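> coords below, sequence missing:
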């Protein structure tokens, strides 16, 4: 399940996300939006660093700043 919710959207954005949702086989528009965001971040990182980077959630203990 995606971590984002789209409380408001422009109709053109909804149409584009629906196309992506059908093309990529997602169940919801939110999943399509998450996919588009991740792809955008990956491409931006590749432009900056010149290398592809994996995107994954960092899990571990929460630390507090002192």
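Everything's here; your move. Please read these numbers as outputs of a predicted model, since none were measured by experiment.
> list the helices and strands the helix or strand encompassing residue 14 packs on?
Per DSSP states H and E, residue 14 falls inside helix 11-24. Contact here means 3 or more Cβ pairs under 8 Å, 6 or more residues apart in numbering; DSSP states H and E; on that basis helix 11-24 packs against helix 29-49. Where you see a C-beta, it was placed from the backbone N, CA and C, and this is true even at glycine.
> what is the three-state secondary structure of residue 9?
Under DSSP: H, G, I helix; E, B strand; the rest coil, the three-state class of residue 9 is coil.
> and it, what does it touch?
Contacts for residue 9 (Cβ atoms under 8 Å, 6 or more residues apart in numbering) come out as 17, 29.
> so how far is residue 35 from it?
15 Å (Cβ to Cβ, to the nearest Å).
> could you do residue 22 as well?
Taken as Cβ to Cβ, the span from residue 22 to residue 35 is 12 Å.
> neighbour-wise, which of these two wins?
Between residue 22 and residue 35, counted using other Cβ atoms under 10 Å, residue 35 has the larger neighbour count: 16 against 10.
> please name the nearest non-neighbouring residue to that one.
Of all residues not flanking residue 35 in the chain, residue 24 sits nearest, at 6.2 Å (Cβ to Cβ, 6 or more residues apart in numbering).
> gap between residue 48 and residue 34?
Residue 48 is 21 Å from residue 34, by Cβ to Cβ.
> looking at the two, which is more packed in?
residue 34 (16 against 9).
> burial count for residue 21?
Count around residue 21 with other Cβ under 10 Å applied: 19.
> does it touch residue 31 like I think?
Yes: counting by Cβ atoms under 8 Å, residue 21 does reach residue 31; the two are 7.0 Å apart.
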